[in-house]
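Asks: need a structure here:
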Amino acid sequence: MFGLGAGEILVILVIALIFIGPKKLPELAKGLGRGIREFQKAKDEVMSEVNKTAAEAEITEVEAEVIHRTDNYHSDHDADKDKAQNNVDPEKIKKDHPS
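Replies: Have a look, this model is predicted:
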């Protein structure tokens with residue numbers, strides 16, 4: 001716990017008992033526990049929001065990549081189609097396939 005050993009924690013508790021008193025020590029410990037719980041809850045909320053934002057950013061990045069690849073595919077496909085149409089010789093087709 002926080003890098004403290006059992007002996008160190010015991011010394012801290014004895015000093016707290018001497019300075020704070022036996023009546024106030026349970027109230028102080030309860031308040032400290034609440035504070036730690038609230039801090040943990042706030043930390044968890046921040047981490048959740050960070051993870052959510054990171055996931056959304058990753059989804060946006062993947063969507064952009066899909067759109068980019070789709071556009072490239074269509075432009076390559078259209079270029080191949082245009083090239084094939086330009087290489088067609090109507091006279092040769094008529095000669096090879098008479099009606």
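
Asks: where are the low-confidence patches of the protein?
Replies: Along the chain, segments meeting pLDDT under 70 span 1-2, 73-99.

Asks: can you give me the helices in it?
Replies: 6-20, 25-86, 90-96 (DSSP state H).

Asks: and the ones you listed as JSON lines, adding mean neighbour count?
Replies: Glycine gets a C-beta too; all of them are placed from N, C-alpha and C. Converted to JSON lines, those look like this (neighbours: other C-beta atoms under 10 Å):
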{"stretch": "helix 6-20", "mean neighbour count": "11"}
{"stretch": "helix 25-86", "mean neighbour count": "10"}
{"stretch": "helix 90-96", "mean neighbour count": "8"}
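
Asks: could you check how far I12 is from A54?
Replies: In this view, I12 and A54 are 39 Å apart by C-beta to C-beta, to the nearest Å.

Asks: nope, K24 is what I meant
Replies: In terms of C-beta to C-beta, K24 sits 44 Å off from A54.

Asks: likewise I67?
Replies: Taking C-beta to C-beta, one finds I67 at 21 Å from A54.

Asks: same check, this time on A42
Replies: Taking C-beta to C-beta, one finds A42 at 19 Å from A54.

Asks: and F39, how far is that from N72?
Replies: 49 Å.

Asks: V11 too?
Replies: 69 Å.

Asks: cool, A57 as well?
Replies: 23 Å.

Asks: what does I18 give?
Replies: 75 Å.

Asks: G21 now?
Replies: 75 Å.
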